[in-house]
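Take a look and give me a structure for this.
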Amino acid sequence: QVQLVQSGGGLVQAGGSLRLSCAASGSIFSINGMGWYRQVPGNERELVATITSGGATMYANSVKGRFTISRDNAKNMVYLEMSDLKPEDTDVYYCKAENVRTNSWSFGRDYWGQGTQVTVSS
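As a prediction, this is how the structure comes out:
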């Protein structure tokens, strides 16, 4: 019913920039928070940045000042602008849509994107 499709990412040199996009599609009535997480295989998925439906943002300390999260509520999309990238930013990045409701009376549930690789070379 609801699908999150990510785009962007790839290989970049240290100091470079990348943009990630995530589009939520399907029968969507409302989405609460949206966010980006990253995970190295074998490690837990960690929060990178989140944004509420009202636009309030939160960032991991490691990315503050370098990454910017934004969203387009009308299009059900969330973006992550990454600048001054460092080798330690290399990870698989996942978008998340929280408390997605398919109609006004349904319970919400969370959805994840398929993941996209970001590799920063030194």
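
Every contact and neighbour count from this point should use C-alpha atoms.
OK.

Okay, Leu4 and Asn43: tell me how far apart.
22 Å (CA to CA, to the nearest Å).

more neighbours, these two?
Using other CA atoms under 10 Å as the criterion, Leu4 and Asn43 rank with Leu4 on top: 20 against 8.

Need the three-state assignment for the more buried one.
The three-state assignment at Leu4 reads strand, by DSSP: H, G, I helix; E, B strand; the rest coil.

can you check Leu47 too?
strand.

Which element, helix or strand, includes the nearest residue to it once chain neighbours are set aside?
What sits nearest to Leu47 in space, not counting adjacent residues and going by CA to CA, 6 or more residues apart in numbering, is Tyr37, at 4.4 Å. Assigning secondary structure by DSSP states H and E places Tyr37 in strand 34-39.

what pairs with that strand, and is each one parallel or antiparallel?
Next to strand 34-39 in the sheet, as set by DSSP bridges, lie strand 46-51 (antiparallel), strand 91-100 (antiparallel).

Single out the most deeply packed of these.
Comparing the strands paired with strand 34-39 by mean neighbour count (mean count of other CA atoms under 10 Å), strand 91-100 ranks first with a mean of 22.
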